[in-house]
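Colleague: Next comes the sequence, and after it the predicted model I'd like to discuss.
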Amino acid sequence: MRTISRVCAALTTTAILFTTAGPAYAQPEDPPVATTTPFTTPNTEDCPQATTPPPAIDLSEVPAPGETVPAPLPVPADAVGGDALAECGTITPDGAPPLPADISATGWVLSDLDSGDVLAAKDPHGRYRPASTIKILLALVALEELNLNTTVVATAEDANAEGSAVGIGKGGVYSNFQLMQGLVMASGNDAAHALAAQLGGDAATVEKMNAKAESLGALDTRTATPSGLDGPGMSSSAYDLALFFRAAMENPTFAQLISTETVQFPGFPKDPEIPDDVDRPGFTLSNDNQLLYNYDGALGGKTGYTDDARQTFVGGADKNGRRLAITIMKGDVFPIRPWEQAARLLDYGYALPASAAVGTLVQEDSVGDVTSTRAPVPTLASPPSENSGSAERESALESGGDNAIRIGIGVIGALVVLGLLLWARQLGRRR
């Protein structure tokens, strides 16, 4: 009976852990609820993500059988964009006022789209997952290689692409321009799949995206999927996203796409293989970037989210002839939403003198050899412990997880415990 008691105690503890530490799930859509835990901006002074993103909380980056996780990208001997950007904490110009409050983003870069100056930053070269903001890089490749007037017929594989969707359907006829609208305005992974198919498929498209990133000087970036879904080796930085956004904004078509609030999007015909299926009519497609609707002078931008990446965001604005951009990585909806954090950082940038700068966004093909690396950061000498991963998962749940899901997991854990208790009791009777 002592053995059974010890087993029961251990299983009860396991059930408690199920209810308090689980993977982070999608953010709630309701406004943030006040908590008793004071908010603190994540501390990056010790460069925890100098070489790799934080540990994954799900199985999205487990390699396929026979494949391995790519080694981390080399860290340049000299920080791209200037020596000051080698720092991992907050970087502001001399004499700058305090940064705005309530910024939960772990890494961010505030830049001038025209001059290329970096006005302020936090962990600019820290490596994080980009989520759907990497679609800006896909857009760059697609705009260079595809004829936007060409029409394609969507396949079932396009329509069933994993993740967010604009709503294309099998048999639907779409121009590449309409697919770009679905990609940029609604973050459609279905549109990303249809575009990638024309670029040679997912693997070929990823290769082209990584080549484009390298040519832009984005040396923290390795994309694993065209759409931004997490995969083995996925990595980028707030600095690299700033490079992508600046390059994309030089293309008038991209600038038009991100600034469009609504468009009419085509429907698609019924599937003859599905009984009683019906035609799907066209619909109004709305831009999902709230900065566009709520910030004076907003140029638009790109949103992103996965369980591992958390909230990512790219946006820009034009005030008094000055175009600024903000890129955010590993943020959260607490204490304010990503677009609101972007708005506050843009306000901060517009309050700085035009001459203020801590670095620069490099020009395409201007970065040399990067085979050498800086001295390794001591905190990265060994892999993160399981405890640190658990702490991060718990923090993610506290900052934005869904309590109902945690309770559900707890109930499942309790049922498992109950079942094992009954089994143990029956086993004791048999003995």
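Modeller: All right, it came through fine.
Colleague: Not counting sequence-adjacent ones, nearest residue to the most centrally placed residue in the chain?
Modeller: Most central in the chain under C-alpha atoms, centre = their mean is residue 131, positioned 2.8 Å from the mean C-alpha point. Spatial nearest neighbour of residue 131, chain neighbours left out: residue 304 (3.2 Å); criterion: C-beta to C-beta, 6 or more residues apart in numbering. Bear in mind the C-beta positions are built from the backbone N, C-alpha and C, glycine included.
Colleague: Now the one you found. Its backbone dihedrals?
Modeller: The phi/psi pair for residue 304 (degrees, to the nearest 10) reads phi -160, psi 150.
Colleague: those helices in the stretch 301-431 of the chain, which residues are they?
Modeller: Along the stretch 301-431 of the chain, the segments classed as helices by DSSP state H, counting those that start in this stretch run 338-351, 386-400, 403-430.
Colleague: weakest of the ones you listed in terms of mean pLDDT?
Modeller: Among the helices of the stretch 301-431 of the chain, helix 386-400 carries the lowest mean pLDDT, at a mean of 36.
Colleague: Contact partners for the spatially closest residue to residue 165 that is not a sequence neighbour?
Modeller: Spatial nearest neighbour of residue 165, chain neighbours left out: residue 190 (4.5 Å); criterion: C-beta to C-beta, 6+ apart. By C-beta atoms under 8 Å, 6 or more residues apart in numbering, the contact set of residue 190 is 154, 158, 159, 160, 161, 165, 166, 167, 168, 182.
Colleague: for residue 287, same thing?
Modeller: Contacts of residue 287 (C-beta under 8 Å, 6+ apart): 185, 186, 258, 260, 261, 262, 293, 300.
Colleague: got it, and residue 42?
Modeller: 104, 106, 330.
Colleague: So residue 96 versus residue 346, what's the distance?
Modeller: 15 Å (C-beta to C-beta, to the nearest Å).
Colleague: ok, the two, which is more surrounded?
Modeller: residue 346 (24 against 16; other C-beta atoms under 10 Å).
Colleague: Am I right that that one is in contact with residue 108?
Modeller: No. The criterion here is C-beta atoms under 8 Å, and residue 346 misses it with residue 108 at 11.1 Å.
Colleague: Quickly list what's touching both of the two.
Modeller: With C-beta under 8 Å, 6+ apart as the test, residue 346 and residue 108 both reach residue 326.
Colleague: one step back: okay, and the beta partners of the residue nearest to residue 131?
Modeller: residue 312 (DSSP bridges).
Colleague: Count the neighbours of it for me.
Modeller: There are 26 residues near residue 304, going by other C-beta under 10 Å.
Colleague: same thing with residue 150?
Modeller: So residue 150, with other C-beta under 10 Å, has 12 neighbours.
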